[in-house]
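*Asks:* What follows is a predicted structure for the sequence shown.
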Amino acid sequence: MAESSGLEPGAGTAPEGMLSRALALKEKLRNGGTVIGAWLTIADPSVTEIMGKVGFDYLMVDSEHSPFDLQVLQTMLMALNGSPTVPMIRVAWNDHVRIKQLLDMGWEGILAPMVKTVEDCRELVAACKYPPEGRRGFGPKRASNYYRDIDAYVAKANDAIFVMPQIEHIETVGVLDEFLAVPGIDAVAIGPNDLSGTAGLLRNLSHPTVKTAHDTIVSKTKAKGLPVCLGVNTPAAQNKEWVEKGVRFLMVTSDIELLAGGGSAALRATREAIGG
């Protein structure tokens, strides 16, 4: 892959805004703030554009459990041009090749599932950062405005890209202190359903073993000064309590939840209104 377009540095649009929305989101969290976002699971840029104009702090594409290809993902990014909403993506696996491709497109945050060991966590950080902090391969074509602003992008990328491991295995709780000490992670997500499954208690989230593991992750991550993401949508009425516990990276809805819920609500309201 070519590493330069032949353009002079700074020959494109003003680079000072490059990665500014990701940097602003990080600054908000560092200052004790809370960010609010939603899932994208529908492979349609119109849905992305609609959600990008709602006002969420971030949008998280779920490429782990939804049918996306790379071309669609790039088009969805384009639909967020001009939006202050930070484009993030949950990769299908903690794989440095796919992470490199997505970062080179211009995704500004990576959530990796099933990051089980301390070494897994280090590998995630390394995949997201250029040397000497990591081993991300070089070639950020679209991310650098097609190489027009390559110097500005490279100068900011390591600081700006949001890195979030998702803890989804019960064994990770036993190495949590070392896990949270890995340099370069910006938040920690939980995967409560898979976490319960690894304990032999799939979706039994109220079981003492699962609840204790969950609470330990939340409390220790907060004590480390990192925001917590529950990895699942939370009802608005519960969010104040969660924020006080350290869950400052909130997920509140998804595109399919809004469609299914909104459609059902409209149908129900109409039937009630017409009496049948």
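*Replies:* Ah, there it is.
*Asks:* C-alpha only now, for contacts and for neighbours.
*Replies:* Will do.
*Asks:* now for the one helix or strand residue 121 maps to, which elements pack on it?
*Replies:* Taking DSSP states H and E as the definition, one finds residue 121 inside helix 118-128. Other elements packing on helix 118-128 under the criterion 3 or more Cα pairs under 8 Å, 6 or more residues apart in numbering; DSSP states H and E are helix 96-105, strand 162-167, helix 176-180.
*Asks:* For these, could you give me CSV that also reports mean pLDDT, distance to residue 138 and mean neighbour count?
*Replies:* Conversion of the helices and strands packed on helix 118-128 to CSV gives the following (pLDDT from 0 to 100; distance: least, Cα to Cα, whole Å; neighbours: other Cα atoms under 10 Å):
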stretch, mean pLDDT, distance to residue 138, mean neighbour count
helix 96-105, 98, 8, 20
strand 162-167, 98, 18, 26
helix 176-180, 98, 27, 18
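*Asks:* right, and those - which one's nearest residue 29?
*Replies:* Distances from residue 29 to each of the helices and strands packed on helix 118-128 were compared using Cα to Cα; the minimum, 11.3 Å, belongs to strand 162-167.
*Asks:* what's the distance between the helix ranked longest in the chain and the middle of its chain?
*Replies:* Criterion DSSP state H: the longest helix present in the chain is helix 255-274. Relative to the mean C-alpha coordinate of its chain, helix 255-274 is positioned 29 Å out (Cα atoms, centre = their mean, to the nearest Å).
*Asks:* Show residues contacting it.
*Replies:* Applying Cα atoms under 8 Å, 6 or more residues apart in numbering, the contact partners of helix 255-274 are 38, 39, 40, 41, 42, 47, 51.
*Asks:* and if we set it to 6 Å?
*Replies:* The list of residues contacting helix 255-274 from outside it, by Cα atoms under 6 Å, 6 or more residues apart in numbering, reads residue 40.
*Asks:* picking that back up, for residue 247, find the nearest of the helices and strands packed on helix 118-128.
*Replies:* Of all these, the one in closest proximity to residue 247, counting by Cα to Cα, is strand 162-167 (13.5 Å).
*Asks:* which helices and strands does that closest one pack with?
*Replies:* Here strand 162-167 is seen to pack against strand 109-112, strand 188-190 when contacts are counted using 3 or more Cα pairs under 6 Å, 6 or more residues apart in numbering; DSSP states H and E.
*Asks:* export the ones you listed to JSON lines and tack on mean neighbour count?
*Replies:* Shown next, in JSON lines, are those (neighbours: other Cα atoms under 10 Å):
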{"stretch": "strand 109-112", "mean neighbour count": "26"}
{"stretch": "strand 188-190", "mean neighbour count": "24"}
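*Asks:* before we move on, the earlier item: report the buried residues of the longest helix of the chain.
*Replies:* Along helix 255-274, the positions that meet the burial threshold by neighbour count (16 or more other Cα atoms under 10 Å) are residue 255.
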